[in-house]
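S.K.: Task: produce atomic coordinates for the following.
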Amino acid sequence: MTKGLIADHIASVKRAQALFVQLSAAQLNFRPAPDKWSIGLCLEHLMVTDATYSGTFSAILDGTYRPSVWGRISPFSGYLGKMLVRETGAEVKRPAQSPPAFRPSESSNLPADMVQRFVAHGTELNGVLDRLSRTDTSVIIASPALGLITYPLSDCIEILTRHTERHVRQAERVMSAQGFPK
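M.R.: Below is the predicted model of the structure:
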């Protein structure tokens, strides 16, 4: 299952590259409405979210990771992981507000190389996810947004993969919004 998720994540990063690499800074920063994200903000949100896991992932990979006390005793970890997979998945069932730790800058002046930055980030994350898939993916980790929310690493990999799919689709919809610069 995990290898399939990593392949899906790679496909989403490549899709973003194909769709957005030729866009201008104005196109990347276009917001369909003041309360909606631009393509650049969608990509920045993914990078910000993924980066919040870097310390946990590094500790798992170097063998120093120890689950929190709550992570070791919580009877809800399996349930919470599956719930987050559903709620942050590729298909939007209902809009949700991102926790503050995962929010992009809200800038309307992101650099024109945002797509290249996202692709480099996604490529690096794919390597990390691949290495993590060869570890004990049943280890319980805490959400960087709220430490009381814990879930297995396997669910985290699925959450990040489906979350990437979700926001690449959201960014793609921006290109068909009324007023998108041609």
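S.K.: Would you map the helices across this structure?
M.R.: For the chain, the helices defined by DSSP state H cover 2-20, 25-29, 39-51, 54-62, 69-73, 77-87, 114-132, 153-175.
S.K.: Pick the most deeply packed of those.
M.R.: helix 39-51 (a mean of 23; mean count of other C-beta atoms under 10 Å). Heads up, the C-betas are built off the backbone N, CA and C, glycines and all.
S.K.: quick one: average pLDDT of it?
M.R.: Averaged over helix 39-51, pLDDT sits at 96.
S.K.: And that helix, what does it pack against?
M.R.: Contact partners of helix 39-51 among helices and strands, from 3 or more C-beta pairs under 8 Å, 6 or more residues apart in numbering; DSSP states H and E: helix 2-20, helix 25-29, helix 114-132, helix 153-175.
S.K.: May I see those helices organised as a markdown table, with distance to Pro67 and mean pLDDT added?
M.R.: Formatted as a markdown table, the helices and strands packed on helix 39-51 follow (distance: least, C-beta to C-beta, whole Å; pLDDT from 0 to 100):
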| stretch | distance to Pro67 | mean pLDDT |
| --- | --- | --- |
| helix 2-20 | 19 | 94 |
| helix 25-29 | 39 | 96 |
| helix 114-132 | 15 | 97 |
| helix 153-175 | 10 | 95 |
